[in-house]
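Model the following, please.
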Amino acid sequence: MKPKAVYWDMDGTLIDSEPLHEQALIAVLKSRGITPPANLHNRVVGIAARPVYEMMREEFGLDLPFDDWILRKYVYYMEHAAQLKPRPGAIEVFRDLKAAGVAQAVVSNSDRLIVEVNLRMIGIDAPGIKTVTRNDVRAGKPDPEPFMRAAYLTGVEPAESCVIEDSPTGATAGVAAGMQTLFWPQQTMTGPDGSVHMGSLEALRTYLELD
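Purely as a prediction, here's the structure:
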């Protein structure tokens, strides 16, 4: 059954921004003489800035205050934002759902500054678009609060809502919120119990009754 509302993760789901996030993180670490491990990106994907920062301090000895670290990372990200592209097929799904009258919101663990840049880059920063960022909630994903906030904004019950996520962290939040959770990763990985794995764009479109 087609959901009454769909809540999209941003980074890696609507926009192919994870490589730029990784580049920005690595650039800041290298500027402090730290060589990041090869698996760093897989360890931090989908996780909010503060927990990532704490990991950088504890494991790698990062010696920057949080505000300085995040400023350097965001400056790098915004200086290179012109390279950002939508995830193939995602914007078409977004627009098809909109045409079908399905309520939608973007729910991200990123700060509002980054979400607004990303919305502009993929051309969906229309007036009235509903967004939930890390700045809007007390607890980020994997806590269900961001998705519950989206349900409040759209006025749709969680059980009638659907989450689309590319990371286990985000999918865990969707399941915890009591929503249909479609796990659509860019790389081969296992989603949390209770999520439905989407192995392709075609599978996603079929599940949402768009084809």
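
residues of the one helix or strand in the chain whose mean pLDDT sits lowest that come out buried?
Of all the helices and strands that make up the chain, helix 40-44 has the lowest average by mean pLDDT, DSSP states H and E, namely a mean of 85. Neighbour counts over helix 40-44 (16 or more other CB atoms under 10 Å) mark 40-41, 44 as buried. Any C-beta I mention is one placed from the backbone N, CA and C, and that applies to glycine too.

so what does it touch, helix or strand wise?
With contacts defined as 3 or more CB pairs under 8 Å, 6 or more residues apart in numbering; DSSP states H and E, the secondary structure elements packing on helix 40-44 are helix 18-31, helix 49-60.

Columns mean pLDDT on top of those, output as CSV?
Shown next, in CSV, are the helices and strands packed on helix 40-44 (pLDDT from 0 to 100):
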stretch, mean pLDDT
helix 18-31, 92
helix 49-60, 92
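
most neighbours per residue, which of the ones you listed?
helix 18-31 (a mean of 18; mean count of other CB atoms under 10 Å).

Enumerate every residue touching the closest residue to Asp63 other than its chain neighbours.
What sits nearest to Asp63 in space, not counting adjacent residues and going by CB to CB, 6 or more residues apart in numbering, is Arg32, at 6.5 Å. By CB atoms under 8 Å, 6 or more residues apart in numbering, the contact list for Arg32 reads 62-64.

Which among these count as buried?
Among these, those classed as buried by 16+ other CB under 10 Å are 62, 64.

Kindly reformat the contacts of Arg32 as JSON lines containing distance to Gly101.
Converted to JSON lines, those look like this (distance: CB to CB, whole Å):
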{"residue": "Leu62", "distance to Gly101": "47"}
{"residue": "Asp63", "distance to Gly101": "52"}
{"residue": "Leu64", "distance to Gly101": "47"}
